[in-house]
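J.: Predicted structure and sequence below. I'll ask about it afterward.
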Amino acid sequence: MNGLEKVGKFVGGTFSIWVLLFACLGFFFPAAFTGLKGYIQLFLGIVMFGMGLTLSAADFREVFRRPVDVAIGVVGHYLIMPFLAFGLALVLQLPPDIAVGVILVGCCPSGTASNVMTLLSKGDVALGVSIASVSTLIAPLATPAMINLLAGRWMNIDAKSLIMDILIVVIVPIVLGVIVKSLFRKQAEASVQALPLISTLVIMLIVAIVIAGSKGKILETGPIIFGVVILHNGIGFLLGYWFAKLFGMDLSKRKAVTLETGMQNSGLGAALAAAHFNPIAAVPSAIFSVWHNISGSLLATWFSRREEKKKGTAGKH
């Protein structure tokens, strides 16, 4: 393992701490980040390009090998998180901008960090990667459709503009990454070593930029947003687990579906909110990015220990 890989592994392993640190930097030193607001979509495109470089046929082989399992994960993701966000917005009577922001992050595809958490949880990583990949590839249609359906109660939604933005920010970079990997395989494989570090830095920057641009609103509505984000993520994990259990999935699969359900591509949520809505609408995505990495790490640790206990019990008999 070379120096770059070691740094990337260290930063990736302490991801939640670094995201929290950059969120604090954005809050206390906003002037250092507000000038970068116009680069949020570019930064997210870099992360998606990196995802394209890492995609392989094996990621989609699972889709055809066990389509029912992948479909359960993808459908559960796009049902549970959006409708849960809508329900929380209604029950808690959230202000319109915050309601739209919560629904927006709920309608985003699964986040890449969920695959890492599935690995740490000793879950079905292949299934998790396939769910994340498919949920991302259908996002140009699924995300705007769900936002239009659920957030239209609070404000007018330009679904066509959202579709174009997701295509430009998510799908085009992924496709470019796949093309570059196919044309320059050796170089692409070498660059993959740096991707965890680059992706982590970019996501941290996005969080800092959003927090910096909304510091005033966070001071006014911070407790509300923090509370609804924690509820959204926590209940999402719980419902994801029950949803997988409802279809008779084993523990390894339930872990993957749970983490893919409750963890979102909050960077995409922040980018879309900053481009299409009031800046405060981007704050739930930024806070979600911090929180779901903390809660995901804790859940993954608990999941991994639970499996070990089961094996230990089985050995005694």
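T.: Great, that's in hand. Numbering: from 1, shown residues only.

J.: give me the low-pLDDT residue ranges for the stretch 101-250 of the chain?
T.: 187-196 (pLDDT under 70).

J.: Which parts of the stretch 151-300 of the chain are helices?
T.: With DSSP state H, counting those that start in this stretch as the criterion, the stretch 151-300 of the chain has helices at 159-166, 172-183, 185-191, 195-213, 215-246, 251-262, 266-276, 283-316.

J.: Dump those into JSON lines; add mean neighbour count and distance to G45 as well.
T.: (Each C-beta comes from the backbone N, C-alpha and C, glycine too.) Formatted as JSON lines, the helices of the stretch 151-300 of the chain follow (neighbours: other Cβ atoms under 10 Å; distance: least, Cβ to Cβ, whole Å):
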{"stretch": "helix 159-166", "mean neighbour count": "16", "distance to G45": "11"}
{"stretch": "helix 172-183", "mean neighbour count": "16", "distance to G45": "4"}
{"stretch": "helix 185-191", "mean neighbour count": "12", "distance to G45": "16"}
{"stretch": "helix 195-213", "mean neighbour count": "23", "distance to G45": "9"}
{"stretch": "helix 215-246", "mean neighbour count": "18", "distance to G45": "25"}
{"stretch": "helix 251-262", "mean neighbour count": "27", "distance to G45": "22"}
{"stretch": "helix 266-276", "mean neighbour count": "26", "distance to G45": "9"}
{"stretch": "helix 283-316", "mean neighbour count": "19", "distance to G45": "16"}
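
J.: do you know which of those lies nearest G76?
T.: helix 215-246 (4.4 Å; Cβ to Cβ).

J.: what's near enough to touch K253?
T.: 69, 123-124, 127, 244 (Cβ atoms under 8 Å, 6 or more residues apart in numbering).

J.: picking that back up, identify whichever of the helices of the stretch 151-300 of the chain lies nearest to L88.
T.: So among the helices of the stretch 151-300 of the chain, helix 215-246 is nearest, using Cβ to Cβ, at 5.5 Å.

J.: quick check, distance from that closest one to the centre of its chain.
T.: 13 Å (Cα atoms, centre = their mean, to the nearest Å).

J.: before we move on, what about stretch 283-302?
T.: From the chain centre to the centre of stretch 283-302 is a distance of 9 Å (Cα atoms, centre = their mean).

J.: got the CA coordinates for it in PDB?
T.: Provided in PDB are the C-alpha atoms of stretch 283-302 (Å, rounded to 0.1, in the frame of the first residue of the first chain):
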ATOM      1  CA  VAL A 283     -29.100  22.900   4.600                       C
ATOM      2  CA  PRO A 284     -31.000  19.600   5.300                       C
ATOM      3  CA  SER A 285     -28.800  17.900   2.600                       C
ATOM      4  CA  ALA A 286     -25.600  19.400   4.200                       C
ATOM      5  CA  ILE A 287     -26.600  18.300   7.700                       C
ATOM      6  CA  PHE A 288     -27.700  14.900   6.400                       C
ATOM      7  CA  SER A 289     -24.200  14.500   4.900                       C
ATOM      8  CA  VAL A 290     -22.700  15.000   8.300                       C
ATOM      9  CA  TRP A 291     -25.200  13.000  10.300                       C
ATOM     10  CA  HIS A 292     -25.700   9.900   8.100                       C
ATOM     11  CA  ASN A 293     -22.000   9.100   8.100                       C
ATOM     12  CA  ILE A 294     -22.000   9.200  11.900                       C
ATOM     13  CA  SER A 295     -25.200   7.200  12.300                       C
ATOM     14  CA  GLY A 296     -24.200   4.800   9.400                       C
ATOM     15  CA  SER A 297     -20.800   4.100  11.100                       C
ATOM     16  CA  LEU A 298     -22.600   3.400  14.400                       C
ATOM     17  CA  LEU A 299     -25.200   1.200  12.800                       C
ATOM     18  CA  ALA A 300     -22.500  -0.700  10.700                       C
ATOM     19  CA  THR A 301     -20.500  -1.400  13.900                       C
ATOM     20  CA  TRP A 302     -23.600  -2.700  15.700                       C
END
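
J.: if you average pLDDT over that stretch, what comes out?
T.: What stretch 283-302 shows for mean pLDDT is 82.

J.: what angle sits between the helix or strand hosting Q41 and helix 195-213?
T.: Secondary structure assigned from DSSP states H and E places Q41 in helix 40-54. With axes from the mean of the first three to the mean of the last three Cα atoms, to 10 degrees applied, the angle from helix 40-54 to helix 195-213 works out at 160 degrees.

J.: Show residues contacting helix 40-54.
T.: So helix 40-54 is in contact with 112, 136, 165, 168-181, 188, 191-192, 195, 198-199, 202-203, 205-206, 209-210, 267-268, 270-271, 274-275, going by Cβ under 8 Å, 6+ apart.

J.: If we use 6 Å, what do you get?
T.: 169-170, 173-174, 176-178, 181, 188, 192, 195, 199, 202, 205-206, 209, 267, 271, 274 (Cβ atoms under 6 Å, 6 or more residues apart in numbering).
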